[in-house]
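A.B. asks: below: sequence and its predicted model.
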Amino acid sequence: MAQASDRFYPRLFAVASLGLLGWVLFRIFRPFLGPIVWSILLAFLLHPSNARLRRRLRSRAGLAAGLLTVGATLCVTVPGAAVLAAFPGQVSELVARLSGEAKRLQVERPSDLLRLAPVATALDWLNANFSVTASDVQQWAREGAKGLLALMATRGKTVVMWTVAVLLNLVLTLFLLFFFLRDGEAMVARLDRALPLPEERKKRLAKQLASVTKAVVLGTLVTALVQGALVGIAFAVVGFPSPLVFGALAGALSLLPIGGTALVWLPGAVILAAQGRWPWAIGMALYGGVIVSVVTNNVLKPRLISGHAEIGTLPVFFGVLGGLAAFGLIGMLLGPVVIALAQALLSWAEEGKQATAS
């Protein structure tokens, strides 16, 4: 009995110390969680290229990591700078087009919108079915505008700080990427030795997490870029202003589990129909529904995934939304990976119980 007591208290102290140490480390690294996870993710995706480049450079890991980091920096900054350079011009074009349309329709005040034929028809329908009058709509619009202006006034500094934080996080991510590319294999080997699992289960765990990560990254981010480009091209073909702006908006909205790019191309089809351009409206609806949504999600996305991730659609759904709420943008990738890890540990626990029972 005394021997059991002698073992219990040292183990309890060790567990409590590890828990406290883990909590303190989390608090220390929490501000840098996003750049750390992004750099680890990039290093993981660049690992095959890193291994090939290292072999060609005769195992000079530092030089290979430096070249890949510079390449990744150029891949991020050059397209980003091109988009940022074109974006203000596109926005200005959109504002000018809207101003010209307002003059053509003789809309000088927001209340003038209510006399336009489509708006007047919609108001008549609302009044007949829900007793909503034009004055009610005007009151809601005024209250919404006041709230929006107040939000913009209070959040102006926050937006500036957020922009600065994004740039700093990008610099930190690329800085950390070099070290994870150079020392990543040694870090993984050390973690592998520390995990108290059989070798076979370690391999299965690594394979499952790798497949889920590739599925989320390639199946979500790359597909979002393709869908945004397709919407931008469609808007340019039909003659809509600022296709780059709407393409970027569609790419961002495609990350949403509900709605997605339809929140951009569907209003575009409605506008074409309101303009009387029915062939273009029908073409936009078919193009958006079939090519942008169905083909990219059901044909392109599976082909981008090199292996099948052992995780269902529902866990991915909750992983994306929960991860986004808990960790921000990086949580969209981190959430499904954490859920996949939990599923793997649960399945191994079930296997252990079945083996014990048999």
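C.D. replies: Done, it's in.
A.B. asks: which pLDDT value goes with residue 357?
C.D. replies: If you check residue 357, the pLDDT there is 61.
A.B. asks: domain-wise, how is the protein divided?
C.D. replies: Domains of the chain are assigned by automatic domain parsing as 32-108+136-189, 199-358.
A.B. asks: now the end-to-end length of the first one.
C.D. replies: It stands for domain 32-108+136-189. By C-alpha to C-alpha, to the nearest Å, the extent of domain 32-108+136-189 from end to end equals 23 Å.
A.B. asks: tell me the mean pLDDT over that domain?
C.D. replies: 77.
A.B. asks: now do the end-to-end distance for stretch 39-53.
C.D. replies: Stretch 39-53: ends 19 Å apart by C-alpha to C-alpha.
A.B. asks: for the closest residue to residue 331 other than its chain neighbours, give me its contacts.
C.D. replies: Spatially, and ignoring its direct neighbours in sequence, residue 331 is nearest to residue 323 (3.0 Å; C-beta to C-beta, 6 or more residues apart in numbering). Any C-beta I mention is one placed from the backbone N, CA and C, and that applies to glycine too. Residue 323 is in contact with 330, 331, 332, 333, 334, 335, 336, 338, counting by C-beta atoms under 8 Å, 6 or more residues apart in numbering.
A.B. asks: now do 7 Å
C.D. replies: Shown in contact with residue 323 (C-beta atoms under 7 Å, 6 or more residues apart in numbering): 331, 332, 334, 335.
A.B. asks: buried sites along stretch 240-247?
C.D. replies: By neighbour count on 16 or more other C-beta atoms under 10 Å, the buried set for stretch 240-247 is 240, 241, 242, 243, 244, 245, 246, 247.
A.B. asks: list the buried ones in the helix or strand containing residue 326?
C.D. replies: Assigned by DSSP states H and E, residue 326 belongs to helix 313-327. Neighbour counts over helix 313-327 (16+ other C-beta under 10 Å) mark 315, 316, 319, 320, 321, 322, 323, 324, 327 as buried.
A.B. asks: for residue 264, the count of nearby residues, please.
C.D. replies: Counted with other C-beta atoms under 10 Å, the neighbours of residue 264 add up to 26.
A.B. asks: quick revisit: turn the buried residues of helix 313-327 into a markdown table, including distance to residue 40 and pLDDT.
C.D. replies: Formatted as a markdown table, the buried residues of helix 313-327 follow (distance: C-beta to C-beta, whole Å; pLDDT from 0 to 100):
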| residue | distance to residue 40 | pLDDT |
| --- | --- | --- |
| 315 | 21 | 71 |
| 316 | 20 | 68 |
| 319 | 17 | 74 |
| 320 | 19 | 71 |
| 321 | 22 | 72 |
| 322 | 20 | 78 |
| 323 | 15 | 78 |
| 324 | 18 | 74 |
| 327 | 13 | 73 |
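A.B. asks: tell me the spacing between residue 176 and residue 135.
C.D. replies: Residue 176 is 57 Å from residue 135, where distance means C-beta to C-beta, to the nearest Å.
A.B. asks: wait, residue 243 sits on residue 237?
C.D. replies: No. Taking C-beta atoms under 7 Å as the definition, residue 243 is not a contact partner of residue 237, at 8.6 Å.
A.B. asks: starting at the chain centroid, how far to stretch 323-335?
C.D. replies: Offset of stretch 323-335 from its chain centre (C-alpha atoms, centre = their mean, to the nearest Å): 8 Å.
A.B. asks: equivalent analysis for stretch 206-216, please.
C.D. replies: For stretch 206-216, the gap between its own C-alpha mean and the chain's C-alpha mean amounts to 17 Å (C-alpha atoms, centre = their mean).
A.B. asks: for this structure, what spans make up the helices?
C.D. replies: For the chain, the helices defined by DSSP state H occupy 2-29, 33-45, 47-56, 61-104, 117-130, 134-194, 199-216, 223-238, 243-253, 262-274, 278-286, 301-304, 313-327, 331-357.
A.B. asks: residue 293 is nearest to which of those helices?
C.D. replies: helix 262-274 (6.6 Å; C-beta to C-beta).
A.B. asks: show me which of the contacts of residue 323 is closest to residue 131.
C.D. replies: The closest of the contacts of residue 323 to residue 131 turns out to be residue 332 (C-beta to C-beta; 42.2 Å).
A.B. asks: list the contacts for the closest one?
C.D. replies: Neighbouring residues of residue 332 by C-beta under 7 Å, 6+ apart: 255, 320, 323, 324.
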